[in-house]
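Engineer: after the sequence you'll find the predicted model.
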Amino acid sequence: MNNEMLPEKHEPYTDKYFLRANEILKKEGLNPKVSMKVFARGQEKIAGLEQALAALKKYSDLEKTGEVWVTKKKTYENKEPLMIIKGPVQSFIELETMYLGVLSGAISQANGYNRPDLKEVEQKLRRLKEIYKDIPITYFGARHYPWHMDKKIAGAAIKGGAKQTSSDIGSSNIGLKGVGTTPHILTIVLSLIYGKEQATLKTAQLFDKHMPKEIPRVTLVDTFNRELSDSLSVAKYFETRKNAFRIDTCGENIGEGGSFYNGKKARDPEYKTGTGVTIELAKNLRLNLINNGYGDFTETFLSSGFGDEEKAKEFVKANHEFKKQTGYSLFMGVGIGEVYPAKFCTADLFEVNDKPLSKTGREAGNIDYNCLERII
C-alpha cells in the first residue's frame, strides 16, 4: 500500500478521542516530544510495516520532525517492538488508529486469519445484544482492522445491535459522528506537567474546558492504576453535573484496592477478582462514588474484553445484583473492539521529553535498538 492508495484525509477513520485530544493539546499549546512502542502479543510472522509507514509519511511531518524505527526481524516475540515512533505528539497522535489497523490487518492475513465476515460480525453483536439487553454497546474496533473495512465492519456491528462507533466513517452508517472518551496518551502527556496524582483530573478539566457542552464528559480513569482515587477527584470537580468514567484496566494490573485471584496476580475466569476489569473493581469504584454522594451524578462505562460472551454474562448478572443491593446500576455501557478473530497490535507511549512515562503496567523496559532499523 503506497500513499496514493490511502484516503485523502485520515480524520474520518480515526478514533474520535485522538482527534479531540489533539485539539486540546493544540489549544493548550502543548507539543512535547513523545516515544511510542508498537507491538503485538504472541508470536507470529511480521507484515504490514510498509503500510504503517505509508500512513505515517502521508499524514504526518515525522520525516522532518521525528524518527521511526522498525524491526529487522521476520517474526515477533510477545510484546517485542514492531515499530518505535518518536516526534512531537501533535504530529502523530491522530494516526494511531490508521497505522495500527493496517498493521493488524496485514499480520492477520500473513498468519492465516480470515478476512472479517460481516455476517458473522452482525451475528456476534446480536448475541451480545441479547445478553446486554438495554445496556448500550459502542463499537471501538476501528484500530483492529484496516481503515478501508471500517465502515462495513462498523455497519455490521450497528446492524447487530451496537448503538454507536468510535470513528466518523463508522458512525456515518447511522448519519452521526463518532463518539469517545478521554485517551491514555493525553493523561500521560499531562502527567509530565501535573504529576500522576493530578493528571487524570487535569484531563477531565481540559476536556470540559475545550469540548462543546453537548459532548458527554467521560473520563478514562485507569491510566495510573488509580481508578478509585481519580474517579472520586473528577466527580468532586464536576459536583452535581452529570459525568461518567471509563474503566479499561489492562491485564497487567489489579485495579486500585482490588484483590489477587487465588493469591496470584492473575486473571479470574469468573472475572470477580484479579487483573484487568473485574466485577470487584467496578463495584468498588461505583460504591466509592455512591458513598461519597456522587451516585446520582456519575455512571461507569466498561471496556477491555467485553465482546467475550461469558464475560458479558457475568457482568450483567453482577449488574442485576448490584441494582438490588444499592438501587444503582453497576455500569451504563460497554465498549467492544474484537468483533472477529484477528491479531491485534497495540501502541503504548513510554517517554515524554525523554523522561520515562507510561501507563502503569505498560512500561517499555529496555529496548534493543540493534534489532531495529531507522527508516525515518
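Structural biologist: Cool, got the structure.

Engineer: measure the residue nearest to residue 44 when sequence neighbours are not counted to residue 40 for me?
Structural biologist: Once flanking residues are discounted, residue 44 sits nearest to residue 111: 4.6 Å by Cβ to Cβ, 6 or more residues apart in numbering. Placement of C-beta: from N, CA and C, glycine included. Residue 111 sits 10 Å away from residue 40, going by Cβ to Cβ, to the nearest Å.

Engineer: which of those two has more neighbours?
Structural biologist: residue 40 (23 against 16; other Cβ atoms under 10 Å).

Engineer: what's opposite that one in the beta bridge?
Structural biologist: residue 345 (DSSP bridges).

Engineer: residue 278: what's it in contact with?
Structural biologist: Listed by Cβ atoms under 8 Å, 6 or more residues apart in numbering, the contact partners of residue 278 are 249, 255, 258, 268, 271-272.

Engineer: could you check the pLDDT of it?
Structural biologist: In this model, residue 278 is scored at 98, pLDDT.

Engineer: if we only consider the contacts of residue 278, which is nearest to residue 365?
Structural biologist: Using Cβ to Cβ, the shortest approach to residue 365 within those belongs to residue 249, at 20.0 Å.

Engineer: quick one: secondary structure of the closest one?
Structural biologist: Following DSSP: H, G, I helix; E, B strand; the rest coil, the label given to residue 249 is coil.

Engineer: what about it, neighbour count?
Structural biologist: 27.

Engineer: same check on residue 83?
Structural biologist: Residue 83: 24 neighbours (other Cβ under 10 Å).

Engineer: check residue 133 too.
Structural biologist: 8.

Engineer: excluding chain neighbours, what is closest to it?
Structural biologist: Spatial nearest neighbour of residue 133, excluding adjacent residues (Cβ to Cβ, 6+ apart): residue 316 at 7.5 Å.

Engineer: show me what the helix or strand where that neighbour lies is packed up against.
Structural biologist: Assigned by DSSP states H and E, residue 316 belongs to helix 309-326. The contact analysis (3 or more Cβ pairs under 8 Å, 6 or more residues apart in numbering; DSSP states H and E) places helix 309-326 against helix 118-132, helix 279-291.

Engineer: again, only this time at 10 Å
Structural biologist: Counting contacts by 3 or more Cβ pairs under 10 Å, 6 or more residues apart in numbering; DSSP states H and E, helix 309-326 packs against helix 118-132, helix 279-291, strand 298-303, strand 333-336.

Engineer: so for the first one, mean pLDDT?
Structural biologist: If I follow you right, that is helix 118-132. Across helix 118-132, pLDDT averages out at 98.

Engineer: the third one now?
Structural biologist: The pLDDT scores in strand 298-303 average 98.

Engineer: packing partners for that strand?
Structural biologist: Applying 3+ Cβ pairs under 10 Å, 6+ apart, we find strand 298-303 packed against strand 218-220, helix 227-238, strand 243-247, helix 279-291, helix 309-326, strand 333-336.

Engineer: output stretch 313-326 as PDB, nothing but the C-alphas.
Structural biologist: Once non-C-alpha atoms are left out, stretch 313-326 reads as follows in PDB (Å, rounded to 0.1, in the frame of the first residue of the first chain):
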ATOM      1  CA  LYS A 313     -23.000 -12.700  31.200                       C
ATOM      2  CA  GLU A 314     -21.000 -12.500  34.400                       C
ATOM      3  CA  PHE A 315     -21.100  -8.700  34.400                       C
ATOM      4  CA  VAL A 316     -24.800  -8.500  33.500                       C
ATOM      5  CA  LYS A 317     -25.500 -10.800  36.400                       C
ATOM      6  CA  ALA A 318     -23.400  -8.700  38.700                       C
ATOM      7  CA  ASN A 319     -25.300  -5.600  37.500                       C
ATOM      8  CA  HIS A 320     -28.600  -7.100  38.400                       C
ATOM      9  CA  GLU A 321     -27.300  -8.000  41.900                       C
ATOM     10  CA  PHE A 322     -25.800  -4.500  42.400                       C
ATOM     11  CA  LYS A 323     -29.100  -2.800  41.400                       C
ATOM     12  CA  LYS A 324     -31.000  -4.900  44.000                       C
ATOM     13  CA  GLN A 325     -28.500  -4.100  46.700                       C
ATOM     14  CA  THR A 326     -27.900  -0.300  46.000                       C
END
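
Engineer: ok, residues contacting that stretch?
Structural biologist: With Cβ atoms under 10 Å, 6 or more residues apart in numbering as the test, stretch 313-326 has contacts from 131-133, 135, 268-272, 277-280, 282-283, 286-287, 290-291, 295, 302, 305-306, 308, 328-332, 334.

Engineer: pretty sure residue 328 contacts residue 297?
Structural biologist: No: judged on Cβ atoms under 10 Å, residue 328 makes no contact with residue 297 at a distance of 11.2 Å.
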